[in-house]
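**Student:** Attaching a predicted model along with its sequence, questions to come.
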Amino acid sequence: MKTSLAAAAWFAALSISHVSNPASAQTLQTLQTLQATCTDGAPMIGMVRDGTGASIAQAAVTLDNGVTTQTAPDGRFRFGCVTNAAHRLHVAAESFAPTDLNTAARLRSELSITLHPSEVQQNVDVSDAETPHGVDNAENSGASRTLQGNDLKALADDPDDLLRQLQNMTAGSGGDPESAMITVDGFQSPTKLPPKSSIAYIRINPDQFAAEYQEPPYMGGRVEVYTKPGQPRLHGDIFMTYGGSALNARDPFSVAKGTLGKQRFGFDLSGPVRRQGSDFALSLEHRSIDNIAVVNAVTLDANGNAVPLTASVPKTERLWVASARLGWQLGPKNTFIATYSANVNNLQNLGVGGTTTQEAGYNATRYEHIVRFTDITTISAHWMHEARASLRFGGEDDTPASLTPQVQVSGAFTGGGANIGAQRQHEILLEVLDDAIYTRGRHTVKFGMDLRSARERQQITQDFNGTYIFGGGAAPVLDANNQPVAGSSTVITGLEQYRRAKLNLAGGTPTAYTGLTGSPRIDFVQTRTSLFVQEDYKLLENLKLSFGLRYYAQSLPSVTGDLVPRAGIAWSPDKKATWTLRAHAGMFNGRYSTEDATEWARLNGTARQSNLVYSPVYGNPFSAGAVPITTVRTFAPKFGNSWFSEEQVNVEHSMRGWNLNAAWYWLHLWNEARVRNINTPIDGVRPLAPNSNILQSQNSGKGYGHALFFSAEEHSIKRMNLFVGYVFAEVFDTGGNDTFMQPQSAYSDAGEYVMRDNQNRHQLILNGTLHLPGKLDLSTETNLRSGRRYNVTTGFDNNNDGNFNDRPMYAAPGDPRAVATRFGNLVTTGGTAVFARNVGTMPGAAYVDMNLSRSFTLTPHAAKDRLQTLSANVRAANVLNHTNVRRVGGVLGSPLFDKPYFADTGRRIEFGLRYGF
């Protein structure tokens, strides 16, 4: 009933918006300058771009040395009513030379203004009055930033490095950067990054307290990418980058450098389709990435002796990325945009690295084809409307290196075959968004809908080959002749257990065997929809209030009736708005992805049967006497959404060219999704059904957290711009940010309420560009962070709940079984106190990337819109060659316990050339 009422209200509002003329969210700032009527003149509209055709946001446009407005994120500006006479426009933007333009107000044509970098003209003078401050500027407040111009130019061209840099910039929200959402051109579904050459600007952590956004800031932040429109004249670029093995550093844990290199080439082309009112943009590039997967494990030689296994396995990518964009002015008040993008990638030896050997890997082909349509309509000074539709065809086809059963030796190595057979995951995703904005006086109201429907056609073969688990545990003591000593017992590691199995010795029975049977095919449709309304009310020139509501519902699982509020306030206490205070509060509800729905379907117990056999015969797990235990996933009664609330207080101050920010976040979680085996044995007896694990998804998780963010940004010094940010964050919960997290015990949360997985307390972000003599630019993207948390386990499943995540316990004084660790004396069982989850801390990480570039103007006397340039650069990723550890051995007593064994790549150097015309 609630869903029907919300939908009816939405369609009624939408019909009103079409009658009254809806409009684009991207021109919200310009709407505030429009007048309700214009009896003596006409609107003056236009777009400000750079020499490459990229739109320039927040450029100051001044009419006749009087009224000043700023360009919207898409580069557009508008004066609501301009007399039909000669006028003069002055346009200025950060890092660009200002320009003056004589023109007249024209009703049916749009001005196109091109700015050039300040090196073309040395008289740049952007005054403080042109720098946005105060309650209307939310683009660079708190952890929010907009990257364009030189900031965008300084970023990496390589897609992996660019993604990492953008993710690191989102750390100011207090969440895990690797969980940051990437969106393109206003569409809300996560997607691949487009080619950097096609990007106009990037928004980092926009105001996620606005009702149009689903995810709270702490979930990892948000990266919004907007691509370039076409240009009024034909322009293009041809580019290439090269990075070979000679200057690249050997990976931290490899014994040989191997083939390390990246090659990239492509082109961009943009121009008009007809003289006025339409444009196009094309981009195509190919990337060849040669890397290695470093295996750092411990296995057995032919005689059963433990030996270290180190190997450098080739890991390659062959990637094509393409995009096409067509813009068409359907009328003076309507613009239509159609885009197509493609991303096809062939990858080799996925899953290999760390303790996973080459035979357990697989090759994959990943693809993504997206067709998108956007229609923007502006009819009056009060209404704007933007409708978007997207159809995505994506998927992955996997081919394993081996189909033999996988062997997992706890804390030592993973070998045998891959955990999958030939696998196929195909998806068709329909996304429809419809937004309307109404502006009158001091009120701006935005409302809209977001509908996403995914059709999944999958062939999931995970665990169809079967897996043997060697977790270690109690076993008889062997004498010098490898014979059991009567009446003796000891605790052995998984590697020793595997050795005994290979040599057919006592105590060599595997801990368990898991495998699936039945049909691997999983087909379903998952639909998610959201409705939202947001109002910004400018009570005074220096005081703005914000209110919002968001409704969310979805299928698989069925979630309805989730309505959450948002609110905010911004106040500038001084006349020049050099100080701004902001406060936000809001509720958020989580959502369950298609990956979650796939996992629930994979273990539904009908089309597929999951079997767990304890102490199987190695090589014949279902031999006579074996007692398989089935595993199924179910939902708790009234299972629903996870809920979060988050509050933020933000202080901004501008002084002498510096923008200073401080933000505080508070977070509360409840109804967090996680899993409990409700049929875990009690005193050896399963309470609900024999020989069955029932993994019930529940909303039993909870948590809290807080984060502090400080930043300083400088853009007034002619030779330098700099951004420095520091983040302190702590998030504690019992769910680990994993829908299928299963606690150690089904009947106790002792030791579970801890800092969440992969959390680190401290991060320092530094981005800057130094303009050197000789027109050289030296830029850096730096991220320093303290070590992340990881879990310590024994590799055992003592409570027979089907999950080998049992943690050790603190040893009693004098216990002969005690293992001395930096965490204290520990035992696998029978200790005196609970050992908490995520006690381990990895070493800190330091990502320092540097780029040196120089641009040459080949036609210095040509018209400014006909410039030909040649740009060259040399880039070093991880220039310090710091060992950025990603995995540490967490199995007590194993050969790699508490030792780093896997890290990100070492230093990589590449050279680039770009010819623009």
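**Tutor:** Noted; the coordinates are in hand. These numbers come from a predicted model, not from an experiment.
**Student:** Can you tell me which helix or strand of this structure has the lowest average pLDDT?
**Tutor:** In the chain, no helix or strand scores lower on mean pLDDT, DSSP states H and E than helix 28-31, which sits at a mean of 33.
**Student:** who does the following helix or strand past it touch, helix- and strand-wise?
**Tutor:** Next along the chain after helix 28-31, taking DSSP states H and E as the criterion, comes strand 42-50. Helices and strands in packing contact with strand 42-50 are listed as strand 60-63, strand 76-82, strand 111-115; criterion 3 or more CB pairs under 8 Å, 6 or more residues apart in numbering; DSSP states H and E. All C-beta atoms are positioned from the backbone trio N, CA, C, and that covers glycine.
**Student:** Just send those strands back as TSV, with distance to residue 215 too.
**Tutor:** Output for these, formatted as TSV (distance: least, CB to CB, whole Å):
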stretch	distance to residue 215
strand 60-63	33
strand 76-82	28
strand 111-115	34
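**Student:** Who are the contact partners of residue 371?
**Tutor:** 338-340, 390-391 (CB atoms under 8 Å, 6 or more residues apart in numbering).
**Student:** Pick out whichever of those residues sits closest to residue 593.
**Tutor:** Checking those against residue 593 with CB to CB, the nearest one is residue 390 at 17.1 Å.
**Student:** Tell me which of the contacts of residue 371 fall in helices.
**Tutor:** Among the contacts of residue 371, no member falls in helices (criterion: DSSP state H).
**Student:** Quick check on the residues you listed: which are buried?
**Tutor:** When those are checked for burial by 16 or more other CB atoms under 10 Å, the buried set is 339, 390.
**Student:** Would you mind giving the contacts of residue 371 as TSV with pLDDT added?
**Tutor:** TSV is the format used below for the contacts of residue 371 (pLDDT from 0 to 100):
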residue	pLDDT
338	94
339	94
340	95
390	96
391	97
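**Student:** Could you save the contacts of residue 371 as CSV and add columns showing distance to residue 876?
**Tutor:** Shown next, in CSV, are the contacts of residue 371 (distance: CB to CB, whole Å):
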residue, distance to residue 876
338, 39
339, 33
340, 34
390, 37
391, 40
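**Student:** on that earlier part again, so for residue 471, which of the helices and strands packed on strand 42-50 sits nearest?
**Tutor:** Smallest distance to residue 471 across the helices and strands packed on strand 42-50 (CB to CB): 61.5 Å, for strand 76-82.
**Student:** Return that closest one as PDB; C-alpha atoms alone will do.
**Tutor:** Provided in PDB are the C-alpha atoms of strand 76-82 (Å, rounded to 0.1, in the frame of the first residue of the first chain):
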ATOM      1  CA  ARG A  76      26.600  26.300 -18.800                       C
ATOM      2  CA  PHE A  77      25.600  29.800 -17.600                       C
ATOM      3  CA  ARG A  78      22.500  31.900 -18.000                       C
ATOM      4  CA  PHE A  79      21.300  35.400 -17.400                       C
ATOM      5  CA  GLY A  80      17.600  35.400 -17.200                       C
ATOM      6  CA  CYS A  81      16.700  38.800 -18.800                       C
ATOM      7  CA  VAL A  82      19.200  40.800 -20.900                       C
END
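**Student:** got the contact list for residue 837?
**Tutor:** 736, 744, 751-752, 754, 791, 807.
**Student:** what does residue 872 give?
**Tutor:** By CB under 8 Å, 6+ apart, the neighbours of residue 872 are 853-854, 856, 911-914.
**Student:** element containing it, please.
**Tutor:** strand 869-877.
**Student:** Give me the sheet partners of the helix or strand following that strand and which way each runs.
**Tutor:** Later in the chain than strand 869-877, the nearest helix or strand by DSSP H and E is strand 885-888. Counting by DSSP bridges, the strands paired with strand 885-888 are strand 900-903 (antiparallel).
**Student:** Could you give the separation of the helix or strand just after the strand it pairs with from the chain centroid?
**Tutor:** Once the chain leaves strand 900-903, the next helix or strand it forms, by DSSP H and E, is strand 908-916. Relative to its parent chain, strand 908-916 has a centroid offset of 26 Å by CA atoms, centre = their mean, to the nearest Å.
**Student:** Give me the buried stretch members for strand 908-916, please.
**Tutor:** 908-910, 912, 914-916.
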